[in-house]
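Asks: return atomic coordinates for the entry below.
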Amino acid sequence: MGEEGKWMRKPSTDEVSMDSLSESEMFLVVYRLSFSARRPVQTQEVEQALRHLYRKTPNLRVCLTDKDGEKWFKEVDEKMIDFEVSAVGVEEVTEFLHTHSYPKDAILWRARLVPVATPCYHPQHLSSFHTDLQGTFPHCYHLVFGFSHAIGDGHTFIRICAAFSHILDSVLSGKEVDTKQIGCFDLNEEYESKIEEIKNRLLKDEVRREECIRELNEGKPESSILQHVLSPCEDRPKKTLLHTQTLDKATTTRLVEKCRAAKVTLSSCMAAVCNMALVDLLVEKGVVQDTYTVSNVHMINMRRTWPKETTERAFGCYISSSFQQFFVTPCTVNDDQFWQYTREIHSKFYSFLQDKQFMEKAAFVKWCYNTGNVQILDRDLTFNTRGNLTQRFEGTKEITVTNLLSSTSIHNLPIPWDDIVGTVRGRLSHTTKYNTSLVTKATALQYSDLVYARLLKITAP
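Replies: Sure, this is the predicted structure:
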């Protein structure tokens, strides 16, 4: 291929926007796949698995380049795969991937293998690896992917990471790897056309935009509670950092059972836990009130609006965020009050998803970002829920995936932090991702600890 690479298609508006943002180190995506192996994994085995992944995954074979004055996706040569074995730790690799965009005409992803010579297993809730695997899977690694958001979203990258784990397992087992494609990178023209039509209509309809803004601001307090938490400082280095805590399997099981009994999703439960942890943080900082108004935004996979049979293999960037929603949150609650509060969150969020005007509201959010009106979308907490990924990584023989963490760079954005939740191998992880120019490390870790403490409290046997 190389110079003769195949022209694939024009990018969507969102894909062009994400490519542009990545040039300024905004929304650069990192996925950290942690795994334990029966035997040492050789560099050439990882390289072989990555070449198979490239051949099986259409969006991993493209660059974004100019054609007749327009941006186009174009296939690039396999030789452009950017892979290294890292001599530094996983945190340094993550920082590198958060701060290095993708050159023009280059492949839009990278991979770094981080061998862990002396894996840490204790305390277990802060470890990426699991003590029950220590004897049979003693060799521990992180495979850290960097992706441009122009070629995918969480739906896409989770499937790519899962595919890689199975490909690597086949390579280590000496099994043949088929060439079946694991996804489709065709543009959903019907969806894109519908979103663009709605955005254009909103652009002309000032009355409807004002109605959306009024709905967004329903319940909004006069001032945000984050003013008591944030510590903006131009002198601090701008970084996107992560702090992850993981529940053990038994505690995760109890949490899921309690959610089912309360008839709420784990996503709604985590929003309630994080809201209350934020209130706990305010109290510890001396801001004591009977109630606090906390605003939430959830990231949404827009494929939910498509026919179900078309969603699984649809790779690309199809995400939006919900309208911000405000919740009056008490300073103290008992167990019954906590689950009643969770049901309120669940009801309000799922009412938004089922709203007949859901597509229009999602388009309005995109309009806000595209026109620079992002202050309309200010919120206290943002949730990225990955769901239960356990089954996607099951069935391997030579390796066992112990965690998958995801993040996007926010250090050049007015976003203080995000909450990222997912379950691997039956263990729920919560990650606080924070922007060091707005939030101190001490505050971020204090908040993360309070989330973990709340989880232990509501799951106590």
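Asks: residues contacting residue 276?
Replies: Counting by Cβ atoms under 8 Å, 6 or more residues apart in numbering, residue 276 touches 329, 333, 338, 341, 454. The way it works is simple: take the backbone N, C-alpha and C, and place the C-beta from them, glycine included.
Asks: can you list the weak-confidence ranges in this structure?
Replies: Along the chain, segments meeting pLDDT under 70 span 1-4, 374-376.
Asks: try 80 this time
Replies: The model of the chain has pLDDT under 80 over residues 1-4, 366-367, 369-377.
Asks: mind listing the helices for it?
Replies: Remark: helices assigned in the chain by DSSP state H are 13-22, 43-56, 90-99, 154-173, 189-204, 206-216, 249-262, 266-284, 335-353, 358-370, 441-458.
Asks: out of the ones you listed, nearest to residue 304?
Replies: helix 335-353 (7.2 Å; Cβ to Cβ).
Asks: how distant is stretch 420-436 from the center of its chain?
Replies: Distance, stretch centre to chain centre, for stretch 420-436: 9 Å (Cα atoms, centre = their mean, to the nearest Å).
Asks: now swap in stretch 169-189 and tell me
Replies: 22 Å.
Asks: now the strands for the stretch 301-450 of the chain?
Replies: For the stretch 301-450 of the chain, the strands defined by DSSP state E, counting those that start in this stretch cover 319-321, 325-330, 381-388, 399-408, 417-424, 427-435.
Asks: for residue 57, find the nearest of the ones you listed.
Replies: strand 399-408 (16.7 Å).
Asks: what packs against the closest one?
Replies: strand 29-37, helix 154-173, strand 240-246, strand 381-388, strand 417-424, strand 427-435 (3 or more Cβ pairs under 8 Å, 6 or more residues apart in numbering; DSSP states H and E).
Asks: ok, and for the fourth one, which residues are buried?
Replies: Meaning strand 381-388. 381, 382, 383, 384, 385, 386 (16 or more other Cβ atoms under 10 Å).
Asks: could you pull up the residues touching the closest residue to residue 99 other than its chain neighbours?
Replies: Closest residue in space to residue 99, ignoring its immediate chain neighbours: residue 25 at 5.4 Å, by Cβ to Cβ, 6 or more residues apart in numbering. Contacts for residue 25 (Cβ under 8 Å, 6+ apart) come out as 98, 99, 100, 101, 409, 411, 412.
Asks: among the helices of the chain, which is nearest residue 311?
Replies: Here helix 154-173 is closest among these (Cβ to Cβ), at 7.9 Å.
Asks: could you dump the helices of the chain into TSV with distance to residue 316 added?
Replies: Formatted as TSV, these follow (distance: least, Cβ to Cβ, whole Å):
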stretch	distance to residue 316
helix 13-22	7
helix 43-56	16
helix 90-99	20
helix 154-173	7
helix 189-204	10
helix 206-216	26
helix 249-262	31
helix 266-284	23
helix 335-353	21
helix 358-370	15
helix 441-458	32
